[in-house]
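Student: Model the following, please.
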Amino acid sequence: MINRGRYMKRSDYLNRRQRNGHSQAVARTMPHRRRYSYIQSSFILRMILTLAAVIATALIIAGFFGGKADAGVSEGADFYKYYTSVMIKPGDTLTALALEYNEPRVKSDNEYIDEVCKINGIDEDKITSGKTLVLPYYSREAKD
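Tutor: Below is the predicted model of the structure:
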């Protein structure tokens, strides 16, 4: 007969553990209360590690897709970014405009030309005189 009281004989405890599919070694080394506490603490540890992994993944994704705000934000070595409209004259090229309006300490000329094409929705080869382009430029002074 198995004792169902608060305290049980060691032989009854081991017999019950064996009937439930546990080996005698587990029953000897880890009594029920300690084993339950271990399972509970390992569950909490797994939840904490899962939450940390989710937060780290979210931060990585936010950093990768976050991008920068353009207008009025300090970029490079304390430069502020502004926009201006420019009428294209005969003989103007995107490279010439990049040399005039770009700040090399902030972006390379190729990056600047790519940004101008993206802003204005044009291909690199297709600027025509008489059209107006929106060009970014950089200044160390903050303007209101």
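
Student: which phi and psi does residue 51 have?
Tutor: phi -60, psi -40 (degrees, to the nearest 10).

Student: again with residue 93
Tutor: Torsion angles, degrees, to the nearest 10, at residue 93: phi -130, psi 160.

Student: cool, and residue 91?
Tutor: phi 90, psi -10.

Student: What is the burial count for it?
Tutor: Using other C-beta atoms under 10 Å, residue 91 has 7 neighbouring residues. C-beta: built from backbone N, CA, C; applies to glycine.

Student: where's the nearest residue to it once chain neighbours are set aside relative to residue 53, distance?
Tutor: Take residue 91 and drop its neighbours on the chain: the residue closest to it by C-beta to C-beta, 6 or more residues apart in numbering is residue 129, 7.8 Å away. As judged by C-beta to C-beta, to the nearest Å, residue 129 and residue 53 stand 56 Å apart.

Student: Quick check: neighbours of the strand or helix carrying residue 134 in the sheet, parallel or antiparallel?
Tutor: Using DSSP states H and E, residue 134 falls within strand 132-139. Here strand 132-139 has these sheet partners by DSSP bridges: strand 79-87 (antiparallel).

Student: Great, nothing more from me.
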